[in-house]
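Q: Provided below for reference: sequence and predicted model.
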Amino acid sequence: MPRIYLCFVWHMHQPCYKDLVSGEYRLPWTRLHALKDYYGMVKMLGEFPRMRQTFNLVPSLLLQIEEYAGGRAEDPFLRCALKPAEDLTEAEVGLILHYFFQANPIHLIGRYPRYAELHDAWKAADRNLRRALRVFNAKAIRDLQVLSQLAWFEEELLADDAEVRELVAKGRGYSLEDQALMGRKQVEILRRVIPTYREFAQSGQIEVSATPFYHPILPLLCDSNIAHEANPHVPLPSRFRFPQDARLHLERSIEFVESKIGLKPQGLWPSEGSVSDEALGIAADVGYRWSASDNGVLAKTLRRAADPSTTYRHYRWRRDGRELSMIFRDHYLSDLVGFVYSRMDAATAAADFLDRIEANCRPLLAQGRDALVPVILDGENAWEHYYLNGRPFLKELYRRVAENDRMQAITVSEGLALVEPDNLDHVSPGSWIGANFDVWIGFEEDNRAWDHLLRAREAFESIHPSSIPKEQYALAQEELMIAEGSDWCWWYGPHHHSDNRAEFDQLFRDHLANMYRALRLTPPDGLSRPILRSGATTLHQPPLSPVRATVDGEITSYFEWLGAGVYRVDGRSGAMHGQRFIVKELQYGIGNGHLFLRVDFLESEIPSLPGMEVRITINGKPVRVRLDDPVEVLEGADAAQVAFRRVLECSIPLADSRAMVEVSVWQNGLPLDALPPDGPLEISAAEPEEWTP
């Protein structure tokens, strides 16, 4: 009797949030998802021994979970969640209010009445810290600290752990002891995650597949110009072609996952289902036995519609003496689980899913053919949109599958062994989105990111490993590999929105800056400016009269800079969350053949920035000034006068007819702020006429 073989592949992934130099985790999402999704999605299979599934683990995710479980992760969000509310600084309260409400308002926040009450208070304050401080006293903050973490706890723990049940039942008025208990329970869950995968994999109930180490788009690493084959109309940046990097991500992934799970992964879910012949060839070389993509890619490959007769098959890709088994996910069914069934009751959704599968498979079974049904999707982000984290839906679905005599849930490797393959000698390059790479390359922000990455990769290539200490070279390579990940360009361009886009932008640029620093190179000034288009309000007033300033770092007189040009970005109105502003404004002017610049800083920032450096770039030539006591000009000192006390003042001879000026602020080699944020300010060298106030 022909059968329906149902292959679930749950993809578990978060980007690398760790700054490798500071050791700090910039965002908390790896930890929060580990509290429920990474652990709970596997653990619940213990109730359904006939359900066999595949879990795809990104190695960089495992690395982060391991650090959390070992107590080695520096997480400022967790520190703020555990710190006594009475001892929090205003900045820490601001962090709590901004980030601790970033959760589904119905299923995570709304599940806890006090959490919802606090969320309403934050909204009533227009998400303004000053206004909110009138309402959020220490008791309110502590309730938020506890509930914002409990909301991410796995259902099993909420139901079966007596101490956690008591925390939930208490509801409000939490104590310092409650706070500490919440922290201990997090550690308990985090320590269970990797051992649970190892246990279920070694028992055979799950198969663990992998993704390239830091989740890069492999075809674009191999050759970014292949994006034109997927979409001939996409505008591309300078060509990035480093297939050796794709190989390194793949080699390291197979080794790392084996070291943590105890079994060598046979399968590869290439980041975002992105494939090309070159990338598949490298995957076969390093030891992967199967790979997967989307049936939109299959449709372009076969040049015919992707229906069940083509999708529910096992394919064998062969090219240039290499081969891989392949499956192509049912895009529609996978998206139903990811985006639609959350709005239905569990029984109705589960029944609909299985009814659709049986209807799709009926013609194939009538022909005497087995049907291999691949359902591949994100295994974490969907569940906060479901009632009780989707557990009622999944349990109902698993129960029905286990009871269905015509259907069997199996791992991918098991399915490939049971179903005879059809041959493919080519795969059309593309990803699971649109069967192209448009999300990650082609739009202005994406292409700027690729240009930064290319420049950094070429700089890395220029350094011989023996010229710097071994550990520094290894750090530079690690930072570069992280920057090659797909996550940064996921948020660039118009496709996706997040409250944390600014943090992703900053982290991408910091990874590249860290690479330069590790190689003992000066990071390019361009890394000081956001790649994201600035949403801040800009004030720019050109000069009204010549400037005759005394370069002493003091505001010597009211008239000294009167009539100067002013450039200011108002970070309070419209700027994206997460951006740190250091520079208050830039004043500039021309006088006696010199360009005069004055940089005013936000007073609250200067004392907290030891090792701060200001870079002033004029027509591509840098002046680097370290603002220690005394001020030190590190580069471009010829004929330049620089002083810093209350403000930074600079006088530079100007021979050209115009000056393209940029000012950026760095600390210990990392970019903090820049004016203008979106490119150089053009200043005419012509001296304005005298203006008398």
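A: Yep, it's here. Numbering: from 1, shown residues only.
Q: average pLDDT for stretch 264-277?
A: Stretch 264-277 carries an average pLDDT of 98.
Q: in that stretch, what counts as buried?
A: For stretch 264-277, a neighbour-count test (16 or more other Cβ atoms under 10 Å) marks 265-277 as buried. All C-beta spots, glycine's among them, are computed from the backbone N, C-alpha and C.
Q: Could you check the chain and say which of its helices or strands has the lowest average pLDDT?
A: strand 670-675 (a mean of 75; mean pLDDT, DSSP states H and E).
Q: Against which helices or strands is the helix or strand that that strand is followed by packed?
A: Of the helices and strands lying after strand 670-675 in sequence (DSSP states H and E), the nearest is strand 681-684. Counting contacts by 3 or more Cβ pairs under 8 Å, 6 or more residues apart in numbering; DSSP states H and E, strand 681-684 is packed against strand 583-591, strand 658-667.
Q: And strand 681-684, how far out from the chain middle?
A: Put simply, strand 681-684 sits 36 Å off its chain's centre (Cα atoms, centre = their mean, to the nearest Å).
Q: Using neighbour counts, pick out the buried residues of that strand.
A: So for strand 681-684, counting by 16+ other Cβ under 10 Å, buried means 681, 683.
Q: quick check, nearest of the buried residues of stretch 264-277 to Val340?
A: Gly273 (19.6 Å; Cβ to Cβ).
Q: Excluding residues flanking it in the chain, which one is nearest that closest one?
A: Trp432 (3.6 Å; Cβ to Cβ, 6 or more residues apart in numbering).
Q: need the contact list for the one you found.
A: 272-274, 293-294, 296-297, 329, 331 (Cβ atoms under 8 Å, 6 or more residues apart in numbering).
Q: what ranges do the strands span in the stretch 301-450 of the chain?
A: 314-319, 322-329, 371-378, 407-409, 421-424 (DSSP state E, counting those that start in this stretch).
Q: wait, doesn't Leu394 sit right on Lys43?
A: No - Leu394 lies out of contact with Lys43 (Cβ atoms under 8 Å); the separation is 11.7 Å.
Q: Between the two, which is the more surrounded one?
A: Neighbours were counted for Leu394 and for Lys43 using other Cβ atoms under 10 Å; Leu394 has more, 22 against 19.
Q: hey, where'd the strands end up in the stretch 101-250 of the chain?
A: So, for the stretch 101-250 of the chain - with DSSP E, counting those that start in this stretch - the strands run 206-210.
Q: so Ala299 makes contact with His331?
A: No - between Ala299 and His331 no contact is recorded; they are 9.5 Å apart, counting by Cβ under 8 Å.
Q: Could you dump the buried residues of stretch 264-277 into CSV and include distance to Tyr567?
A: Below are the buried residues of stretch 264-277 laid out as CSV (distance: Cβ to Cβ, whole Å):
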residue, distance to Tyr567
Pro265, 53
Gln266, 58
Gly267, 54
Leu268, 50
Trp269, 47
Pro270, 45
Ser271, 40
Glu272, 40
Gly273, 45
Ser274, 41
Val275, 47
Ser276, 45
Asp277, 50
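Q: and of those, the nearest to Tyr25?
A: Nearest to Tyr25 among those, with distances taken as Cβ to Cβ, is Ser271, at 21.2 Å.
Q: Chain neighbours aside, what residue packs nearest to that closest one?
A: Nearest to Ser271 is His215, by Cβ to Cβ, 6+ apart, at 4.5 Å.
Q: residues in contact with the one you found?
A: By Cβ under 8 Å, 6+ apart, the neighbours of His215 are 13, 15, 58, 60, 271, 485-487.
Q: And it, how far from Tyr25?
A: 17 Å (Cβ to Cβ, to the nearest Å).
Q: cool, Leu236 as well?
A: 33 Å.
Q: Just want to know which of these two has more residues nearby.
A: Tyr25 (22 against 19).
Q: Next up, phi/psi of the more buried one, please.
A: Phi and psi for Tyr25, reported as degrees, to the nearest 10, are phi -90, psi 120.
Q: Please tell me how far it sits from Leu388.
A: 28 Å.
Q: Kindly report the same for Ala159.
A: 10 Å.
Q: between these two, who's got more neighbours?
A: Remark: of Ala159 and Leu388, Leu388 carries more neighbours, 15 against 12, as counted by other Cβ under 10 Å.
Q: Check the spacing between that one and Asp37 real quick.
A: Leu388 is 13 Å from Asp37, by Cβ to Cβ.
Q: Which segments of the protein make up each domain?
A: Domain ranges of the chain: 72-203, 443-521, 530-693, per automatic domain parsing.
Q: Compare these and give me the one nearest Ile376.
A: Nearest to Ile376, of the domains of the chain and by Cβ to Cβ, is domain 443-521 at 16.2 Å.
Q: distance between the ends of that closest one?
A: Start to finish, the residues bounding domain 443-521 are 29 Å apart (Cα to Cα, to the nearest Å).
Q: quick one: low-confidence parts of this structure?
A: For the chain, the stretches with pLDDT under 70 are 534-537, 558, 570-580, 603-609, 637-638, 670-671, 678, 689-693.
Q: Check it for its longest helix and report it.
A: helix 176-203 (DSSP state H).
Q: How about the contacts made by Ser238?
A: By Cβ under 8 Å, 6+ apart, the neighbours of Ser238 are 450-451, 454.
Q: filter those to the buried ones?
A: 450, 454.
Q: quick one: Ser664 and Asp673 touch, right?
A: Yes - with contact defined as Cβ under 8 Å, Ser664 reaches Asp673; the gap is 7.1 Å.
Q: Spit out the residues that contact these two alike.
A: In contact with both Ser664 and Asp673: Ser528, using Cβ under 8 Å, 6+ apart.
Q: hey, what's in contact with both of Ala299 and His331?
A: In contact with both Ala299 and His331: Ala306, using Cβ under 8 Å, 6+ apart.
Q: Which of the two has more residues huddled nearby?
A: His331 (24 against 20).
Q: I'd say the more buried one and Asn295 touch.
A: Yes - assessed by Cβ under 8 Å, His331 is found in contact with Asn295 at 5.4 Å.
Q: what ranges do the strands span in the stretch 501-650 of the chain?
A: Using DSSP E, counting those that start in this stretch, strands in the stretch 501-650 of the chain cover 537-541, 565-570, 583-591, 594-601, 612-618, 621-626, 632-635, 641-644, 648-653.
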